[in-house]
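Trainee: Structure for this input, please:
(chains A and B)
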Protein chains: 2
Amino acid sequence: MQRLAPGMEMAFSERITRLKSSLIREILAAAQRPEVMSFAGGLPAEAMLPAVDWAELPASMGQYGMSEGEPALREAIAAQARALGVPCEASQVLIVSGSQQTLDLASKLFIDSGTEVLVEAPTYLAALQSFQLFGAQCLAVAQKADGPDLAALRAMLEQHAPAFAYLIPTFQNPSAVRYSEAKREAVADLLDEYGVTLLEDEPYRELVFDQGSARPIVSRLKRASWIYTGTVSKTLLPGLRVGYLIASADLFPYLLRLKQSADLHTNRIGQWQALQWLGSDHYQAHLGQLREFYRVRRDAMQAALTEHFSDLATWELPQGGLFFWLTLKQPLDTRTLLNRALAEDVVFMPGEPFFVEPDANPGYLRLNFSHVAAERMDEGLRRLAQVIRDAGALEAA
Amino acid sequence: MQRLAPGMEMAFSERITRLKSSLIREILAAAQRPEVMSFAGGLPAEAMLPAVDWAELPASMGQYGMSEGEPALREAIAAQARALGVPCEASQVLIVSGSQQTLDLASKLFIDSGTEVLVEAPTYLAALQSFQLFGAQCLAVAQKADGPDLAALRAMLEQHAPAFAYLIPTFQNPSAVRYSEAKREAVADLLDEYGVTLLEDEPYRELVFDQGSARPIVSRLKRASWIYTGTVSKTLLPGLRVGYLIASADLFPYLLRLKQSADLHTNRIGQWQALQWLGSDHYQAHLGQLREFYRVRRDAMQAALTEHFSDLATWELPQGGLFFWLTLKQPLDTRTLLNRALAEDVVFMPGEPFFVEPDANPGYLRLNFSHVAAERMDEGLRRLAQVIRDAGALEAA
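Mentor: Residues are numbered from 1 along each chain as shown, chains lettered A, B, ... in the order given. Below is the predicted model:
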């Protein structure tokens, strides 16, 4: 049953052979020097963390709470989801310790060694790591500008029986893709047709820079089971570690027991604070400011990219979220650029780790536009472009 | 790879066939009526939750944090552990979302389907559930009044190769046993001799009602790897969901990555609050009040038990922790008493679920003394004794 880890006498579980470090966290650790301009992370801008008031926190929030979460918060989240078209009751809402925990709970619910899971190519790095830790065989469907390649998706569903499909349809991390209405409808139909459970991850829905909007895919399902997950980390305070999942009634009891076993319940202090915001006028006002602030930074990055990257890469202007996704015209393994960029006090996120097969997908970069001040973006991207240009010349030589 | 859950069309992971509901949480849910006297849970007394101040919370605590936890809190916990004799640095401390999460992380690190894990009989219910969810084959060693039966422990280690031993040597939940100095030393020697990793769980160390004290077992190990876990839930505020683990250097990097994958990091609001208390004079003062308060309730329960249970059961006076552990003179399945007790507005925790083989271990009850007010204990225990007496008469008839 047990394997020895390399160089170790210790008998670890078999899954530990698949345990990867988080590349993004290693990059962030290397980029602690204040002079480093980081386009790597997905952190909210410090300046936009709202001032919060703790004076009214009830003493009772210090006691143990329910594994499901605070009743009033579950009601508020259900109401918000219903307003988006997701048919649900508060009894289907589970408060989790950040939406990363939803990935852990879903992995436990569905994944044995060899279980097939359908994902987008590219997809969220930390989801891939969680699914693979539990032994998933991840099946990747290529992403186009308006959502997945439908022919590829249908072909995959005909040949495989994934335990669930993991999709991020609204301002995807890393690609910034927002599925079109038509793609959302078609994906829902396909999942219903093949009876495949959907795990829909929506951390970025509220960070939208235009008027467009589109209902969650889970709201379009007629038969398939589903989990919808969100968080207050991108719009309020990530340090609270408060996220949620909403699940179809057949899945909820299992997820609740897995939550109990994982950490009993989510911290109540953060839950109470989140409840002071959700559904309120001051939250709406804060979201408005946040969108305006990030739109300015996005536009600054677009201008700088146009200036420095037009000969090097192609990209779409993101309509929401926190990232630009660049496709290099001359593909190279962008992981090899990290140390050279760091020497120029610039860091970015290589694209390879967002793919099930990293080595087969060179030549992408994820650039975060929320963290670096608008006035420093031009300089940072000028340096990064030069690093890429030099590496290309080196390869050509 | 996948099994259908009973009555379900859904393909869940194999581990879900072993997913149990938490009996204790179901009992607590059934006992929501205010007139119910609950001896079931392990909740701190509401009256002893300290008033906490949030006015100085830095805004920066709202941002994402490190997976390891807040550096200053890690330092404070390492210092506290060193004062207990545990040789460690802050770099070996991982802040977790309550010490329940340590059980989840250790399960992930060590347990495949069939992995052997050594536990006490009885042992902590939620640990058993977590280990078994991941597929552990739990090996139980009988507990005596001063710690495990050493001959049984040695025999077990000779015949098996458990991935780790899970022990709660200080005011064990549920048995209230505190290992003697001699037993601690002997257990450490055995684990060293057989090279078995120790997971030592210490939520109750500070809730001590006499002058006795004994160093953690991990501080006595010479070769074996170890994880030591604690929490502020029993001494400060469980609603913060802040616990910690300290691990030998060979295990730490794996536990850190598993933490990242589980929920990125523990909420920073609670970490900051915990740091305001640990190592301070006002924390020492609070602990003194807590011990005095619980000692009064323990003594009230001892008096009530002597009055109503002397003919029904035997027990030891707990020197710390939150529980009495009763052994019925006429064993019966105490789970069958729950509904009858609830009809009398009394709930308790049956002993069976604390054993690897519940059906083979009838006739134990766990009674919490921290929750019910001292003046109601006599009435509550009188009713419970009558329920047991009636059930015994029914069986005899």
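
Trainee: only C-alpha atoms for contact and neighbour calcs from this point on.
Mentor: Will do.

Trainee: quick check: domain ranges of chain A?
Mentor: A:14-43+A:283-392, A:63-279 (the TED database).

Trainee: Strands of the stretch 151-300 of chain A, residue ranges please.
Mentor: With strands called from DSSP state E, counting those that start in this stretch, the stretch 151-300 of chain A shows them at A:164-167, A:197-201, A:226-231, A:243-247.

Trainee: List the contacts of the longest one.
Mentor: What it means is strand A:226-231. A:98-99, A:102, A:197-203, A:218, A:242-248, A:251 (C-alpha atoms under 8 Å, 6 or more residues apart in numbering or on different chains).

Trainee: Now with 6 Å, please.
Mentor: A:99, A:197-203, A:243-248 (C-alpha atoms under 6 Å, 6 or more residues apart in numbering or on different chains).

Trainee: if we look at chain B, which of these are close to it?
Mentor: Near chain B, judged by C-alpha under 6 Å from any C-alpha of the partner chain, there are no entries from those.

Trainee: Most neighbours out of those, which is it?
Mentor: Most neighbours among the contacts of strand A:226-231, by other C-alpha atoms under 10 Å in any protein chain shown: residue A:246, with 30 neighbours.

Trainee: Isn't residue A:331 up against residue A:365?
Mentor: No - contact between residue A:331 and residue A:365 fails when scored by C-alpha atoms under 6 Å: they sit 10.5 Å apart.

Trainee: More neighbours: which of these two?
Mentor: More crowded of residue A:331 and residue A:365, by other C-alpha under 10 Å: residue A:365, with 25 against 14.

Trainee: Name the residues of the stretch 251-397 of chain A found near chain B, please.
Mentor: So the stretch 251-397 of chain A meets chain B at A:257, A:262, A:263, A:267, A:268 (C-alpha under 6 Å from any C-alpha).

Trainee: Tell me which of those fall in helices.
Mentor: In this view, those that belong to helices under DSSP state H are A:257, A:262, A:263, A:268.

Trainee: and the first one, how many neighbours?
Mentor: Counted with other C-alpha under 10 Å, the burial measure for residue A:257 works out to 19 neighbours.

Trainee: Over to the second one?
Mentor: Around residue A:262 sit 24 other residues, with neighbours defined as other C-alpha under 10 Å.

Trainee: That one and residue A:18, how far apart?
Mentor: Applying C-alpha to C-alpha, to the nearest Å, the value for residue A:262 to residue A:18 is 20 Å.

Trainee: same thing with residue A:358?
Mentor: 15 Å.

Trainee: and if you look at residue A:36?
Mentor: From residue A:36 to residue A:18 the distance is 31 Å (C-alpha to C-alpha).

Trainee: who's more crowded, those two?
Mentor: Per other C-alpha under 10 Å, whichever of residue A:36 and residue A:18 has more neighbours is residue A:36, with 18 against 14.

Trainee: Give me the nearest residue to that one, chain neighbours excluded.
Mentor: Nearest non-adjacent residue to residue A:36, counting by C-alpha to C-alpha, 6 or more residues apart in numbering or on different chains: residue A:345, 4.4 Å away.

Trainee: any idea of the pLDDT on that neighbour?
Mentor: For residue A:345, the pLDDT comes out at 94.

Trainee: count of residues packed around it?
Mentor: 18.

Trainee: need the next SSE after the worst-scoring helix or strand of chain A on mean pLDDT, C-terminal direction.
Mentor: Within chain A, no helix or strand scores below strand A:3-4, which has a mean of 42 by mean pLDDT, DSSP states H and E. Following strand A:3-4 in sequence order, the next helix or strand is strand A:11-12 (DSSP states H and E).

Trainee: Output the following helix or strand past that following strand in CSV with nothing but the alpha carbons.
Mentor: The helix or strand immediately downstream of strand A:11-12 is helix A:23-30, counting by DSSP H and E. Below are the C-alpha coordinates for helix A:23-30, written out as CSV (Å, rounded to 0.1, in the frame of the first residue of the first chain):
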residue,chain,number,x,y,z
LEU,A,23,4.9,27.2,-8.2
ILE,A,24,3.0,30.5,-7.7
ARG,A,25,3.7,30.5,-4.0
GLU,A,26,7.4,29.9,-4.6
ILE,A,27,7.5,32.7,-7.1
LEU,A,28,5.8,35.0,-4.7
ALA,A,29,8.3,34.0,-2.0
ALA,A,30,11.1,34.9,-4.3
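
Trainee: can you tell me if helix A:23-30 touches chain B.
Mentor: No - Helix A:23-30 lies apart from chain B when judged by C-alpha under 6 Å from any C-alpha; the minimum separation is 8.7 Å.

Trainee: surely residue A:319 meets residue A:207?
Mentor: No - the pair residue A:319 / residue A:207 is not scored as a contact, 8.8 Å apart, by C-alpha under 6 Å.
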